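no letters, just coordinates:
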């Protein structure tokens, strides 16, 4: 009887459908993640000078809480960087805990919110190649920053990128050709701080509303 009042909270529509299949007699509430990064952090030229990066470089960003987490797909980034090592116009940035030494790769370590905002703003491309996610916050942040995004073919990524027009979903086969996709990509700066961005405040307000509903 105590389970009758249980409400599952899902961060994504695709996941809520899975929960409904497994637990058809329970309520499922979708509360999607919101971003909290400051997006107005300076123009690209200024930020590239600040971090010692070339103004005309094509900068590819990959981030993860733990760079050693193999499920995040970093092997594809390192392969692409190795294949493009002779191209002096392309730089790969890695943000996250851990240090990876590889030619053509700059490992930045852990970054705070302001630093991460600056790295998004100075980058051209974001690669999110995780094998499994629920609703990836970093993908929403890269989208808000207007970056072109290469993303793995999983439900969470497709939902996170819905309504965005600057991305390509990579299948298990096409991700092995990442270096050529990066080479052929024409860089056009995206729209920064678009109104559709869902904020962390909205996320918290929905949770607070749900708590009040349950308590009453």
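Everything's here; your move. No experiment lies behind these values; they were computed from the predicted model shown.

dihedrals phi and psi, the spatially most central residue of the chain?
Nearest to the mean C-alpha position of the chain, counting by Cα atoms, centre = their mean, stands residue 139 at 2.0 Å. Dihedral angles of residue 139 (phi, psi; degrees, to the nearest 10) stand at phi -70, psi -40.

repeat for residue 51
With angles defined as degrees, to the nearest 10, residue 51 sits at phi -100, psi 10.

these two touch, right, it and residue 115?
No. Residue 51 is beyond contact range of residue 115, at 9.3 Å (criterion: Cβ atoms under 8 Å). In this view, the C-beta of every residue, glycine as well, is placed from N, C-alpha and C.

residue 89: how many residues sit nearby?
Residues near residue 89, counting by other Cβ atoms under 10 Å, number 11.

that one touches residue 57, doesn't it?
Yes. If you go by Cβ under 8 Å, residue 89 and residue 57 touch, sitting 5.9 Å apart.

strands along the protein, start to end?
7-10, 27-30, 58-66, 90-97, 105-109, 125-128, 148-152, 167-170 (DSSP state E).

and residue 110, how many neighbours?
13.

and the helix or strand of the chain with the lowest mean pLDDT, which residues are buried?
Every helix and strand of the chain was ranked by mean pLDDT, DSSP states H and E. The lowest is helix 200-215, at a mean of 89. By neighbour count with 16 or more other Cβ atoms under 10 Å, helix 200-215 contains the buried residues 203, 206.

which ones are touching the nearest residue to residue 129 once chain neighbours are set aside?
Spatial nearest neighbour of residue 129, chain neighbours left out: residue 73 (2.9 Å); criterion: Cβ to Cβ, 6 or more residues apart in numbering. By Cβ atoms under 8 Å, 6 or more residues apart in numbering, the contact set of residue 73 is 127, 128, 129, 130, 131, 152, 175.
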